[in-house]
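Trainee: sequence plus predicted model, see below.
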Amino acid sequence: MWPKFYFDWLRKSAPTGSVEIYPEISENFETNLSNVFVIGDLTGVPLLKLAAESGVKVWNSIPTCQNGRYDAVIIGSGPAGVSCALEGKSLGKSYLVLESNLPFQTIQSYPNRKPIFAEPKEYPTKSKLKIVNSTKETLLEDLNGILKDNPINIQTSKRVIQIKKDSIGYVLETESGEYFETNAVIIAIGKSGDPRKLGIQGETSSHVFYRLIDPKDTLHQSIVIVGGGDTALEAAIQCADYAKDVTLVHRGDRFQKAKEENQSRFQKLTKEGKIKVFYESQLTEITPSSVFIKTKDKAIKSAANMIFVLIGTLPPIGFLERVGIKLQNQKRLMDWVGFGAVLTFATTAYFGKAAMYGPSWFSPLATVSATFSFFSFLFFAFLYLRNGQFQWKPWKMLKSFYFVFAFSYFLFVYLSSTYFQYQFLEKSPAFHYTFLYSLTILVFGIRRILVRKTEYIFYQTLSLIGVQIFFLFLLPEIILPKLGEFGYLGSQEGFLRTEVFPNDAYWKAYGLILAWPLNMGVLYDGGITTFWFLYGLSISFGIIPLLVYHYGKGAYCGWICSCGGLAETLGDEYRQKMPHTKRAYNLEHTGQYILILAFILTFLKLISVFGKSHFPFLYWGEIFADSTKGFYDIFIDIGLAGVVGVGFYFLYSGRVWCRMFCPLASLMHIYARFSTFRIFSEKKKCISCNICTKNCHQGIDVMGYASRGIPMDSVQCVRCSACVSLCPTDVLRFGKESGDVITFDQFDATFRKSFD
């Protein structure tokens, strides 16, 4: 009972929403297929203004080829596709638009008089399609007017069913058997694929609809609407003027995703008795003249002549999979092979660098893992080239070269040291591992700064690079040994060489940054000195709690910690891979159990060190602690922090260790429960696009907070700023519980000033 109560207390009823499935695309809209792009709603941003703008930006990545083919064929003629065509025309490109129906067909299918919101209001656009606040009818009139004044090269009633790569570019096949050759493909078909279903009896009846076209069709009818988003609320509002009665059934206890304007109008009509609403309810059966509704307390039968199921649509997954476009978090053979290669390399690295002081089986395990890793990398490269995914692009080439270099470098260091007694540069594998770790943070940190162009990320990444290179590599591995060698650290009886680095244990310098219990050695030490005892207690139970209280857990995890440093740099491109499932949320509690174990072992060790001379029976506690600590080192420090923490980077994001297993993070979760740090949101501006949740590599359902308009106070937040900087409508802001909502740059300046 108590664990559930404790975990509920930690989570504070945090939302646990999932993420929608969209194509996996790069920042320039490119899919896994070279020169095949996705723009518009299918990118996951349901805004007409941004959809139109994506049609302009995509041309920056499309080369002009003089080979008699189209520069690009655009599939779809919604706002994104038409905007793309207009921009291509102005650039003098050779293009063609293929439309399965008529231009702007999706907008045409909106309910009559549906309000159109031109969000984000202050967003500057270069598109020739100007989106303004209006209604469906006005918007269509404006868009068709633009198209009439600026004709584009378009062929209607041409449904594309296949995209095939050839030796030059791509060949598109239509339903009617026609073929079109092009150098690039731009998919702008929107995300309105098949409607989501309820999966209940009677759902296929003729009086069940998944789209409202004209509210007048509901005249004098008993209407039941299922849903809780803008589409459902707008339908209820419009039908209230014509229908005999309108009932809305919503599974939630509030309308988290609907716009403020729609909610206000809906609540007004509810109070007037024109709409009846059932919260925390669901339909269980549909009959020819009624529906059965299950509420929290009872089951209800309600008259229904027309039922509208307006719970959203599924992306056109079938078409995307058929043409070979990879979906987000979709796992294929190549992904699993790559995962196996990285996981076995992580096994080699962590057990290999620990072989010099670990059990005898560490070395054979590392060698076997190295063999598997080598062949897995070869198989991955074969699949990569066979699938035609090799691209001559600077960053991809540099990244591939770096991975090959790092893999070859460590294998050479480990194998030569283990089997030929040759230590490269007279250093152990542990030294070279730390060098590669630091170099990786530097290389990928520079990439992050160049790609994520915000002042906050610039200083945050510099902090992570600086801490790792100086405090966690140069200082313990090079500077201190050299200072000691030349006698600059004082005599053997001096303070530095007795209290801080006893017996020239310069590796203890890692403890200056990596606090207990992330670094158990700070306090778990049979010969612990007064300095490390006091320092270890003060940083873990004094300095870090103070930082977390004022700035959130991310003050350490996002700006200082080496685990966070690798996650924010190497793992930056893979943050969308973090799962948002119920199982993943339950795994978050694992770190609390590891924290308890770390506390018990450290407590037994310390009381034995300070008390066994007076109480000999404490010796048995130390024996138990030391024997258990051996397993802790293997399964936690090496297994979870190292092998899993690094091996899962490209499959499940770089924050798997930080989110689910790290005992220091779990300790900071307790501190964060009292923190004043928050991420505030403007609910009325939230469009429920899910970009914030999708890009959170801590698995936080940020949109669940934003759409409800409540401050995001999850103890998991590491202040990476992805949700704030990537929000298309500028909804989110850093702030404090006092009520002062401050801007991104203001919070950044305040945080940095505290360290000046």
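Mentor: In hand now; what should we look at?
Trainee: could you report the neighbour count for Gln282?
Mentor: 15 (other Cβ atoms under 10 Å). Yep, even glycine has a C-beta here, placed from its N, CA and C like the rest.
Trainee: and Tyr422, by the same measure?
Mentor: 12.
Trainee: apart from its neighbours in sequence, what residue is nearest it?
Mentor: Spatial nearest neighbour of Tyr422, excluding adjacent residues (Cβ to Cβ, 6 or more residues apart in numbering): Ser416 at 4.4 Å.
Trainee: what about that neighbour, helix or strand, and which?
Mentor: Ser416 belongs to helix 394-419 when assigned by DSSP states H and E.
Trainee: quick check: mean pLDDT of that helix?
Mentor: Average pLDDT, helix 394-419: 91.
Trainee: pull out the buried residues from whatever helix or strand comes next after it.
Mentor: Using DSSP H and E, the helix or strand that directly follows helix 394-419 along the chain is helix 429-451. Residues of helix 429-451 classed as buried by neighbour count (16 or more other Cβ atoms under 10 Å): 429-445, 447-449.
Trainee: ditto for stretch 644-658
Mentor: By neighbour count on 16+ other Cβ under 10 Å, the buried set for stretch 644-658 is 644-658.
Trainee: out of the residues you listed, which are inside helices?
Mentor: Within these, residues falling in helices by DSSP state H are Gly645, Val646, Gly647, Tyr649, Phe650, Leu651, Tyr652, Val656.
Trainee: for these, which one is nearest Phe308?
Mentor: For those, the minimum distance to Phe308 (Cβ to Cβ) is 38.1 Å, reached by Tyr652.
Trainee: wait, the closest one sits on Thr581?
Mentor: No - if you go by Cβ atoms under 8 Å, Tyr652 and Thr581 don't touch, sitting 10.8 Å apart.
Trainee: quick one: average confidence on stretch 708-723?
Mentor: 89.
Trainee: what about that stretch, distance to the chain center?
Mentor: Computed by Cα atoms, centre = their mean, to the nearest Å, the separation of stretch 708-723 from the middle of its chain amounts to 13 Å.
Trainee: just the CA atoms of that stretch, as PDB, please.
Mentor: Taking C-alpha atoms only, stretch 708-723 is exported to PDB below (Å, rounded to 0.1, in the frame of the first residue of the first chain):
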ATOM      1  CA  ARG A 708      -5.400  22.000 -19.200                       C
ATOM      2  CA  GLY A 709      -3.600  25.300 -18.500                       C
ATOM      3  CA  ILE A 710      -1.900  24.000 -15.400                       C
ATOM      4  CA  PRO A 711       1.800  24.600 -14.500                       C
ATOM      5  CA  MET A 712       4.000  21.600 -15.500                       C
ATOM      6  CA  ASP A 713       5.500  20.500 -12.200                       C
ATOM      7  CA  SER A 714       6.600  16.900 -13.100                       C
ATOM      8  CA  VAL A 715       9.600  15.800 -11.000                       C
ATOM      9  CA  GLN A 716      11.000  14.200 -14.200                       C
ATOM     10  CA  CYS A 717      11.700  17.500 -15.900                       C
ATOM     11  CA  VAL A 718      15.400  18.100 -16.700                       C
ATOM     12  CA  ARG A 719      14.900  21.600 -18.200                       C
ATOM     13  CA  CYS A 720      16.300  20.600 -21.600                       C
ATOM     14  CA  SER A 721      14.000  23.300 -23.000                       C
ATOM     15  CA  ALA A 722      12.900  21.200 -26.000                       C
ATOM     16  CA  CYS A 723       9.200  21.700 -25.200                       C
END
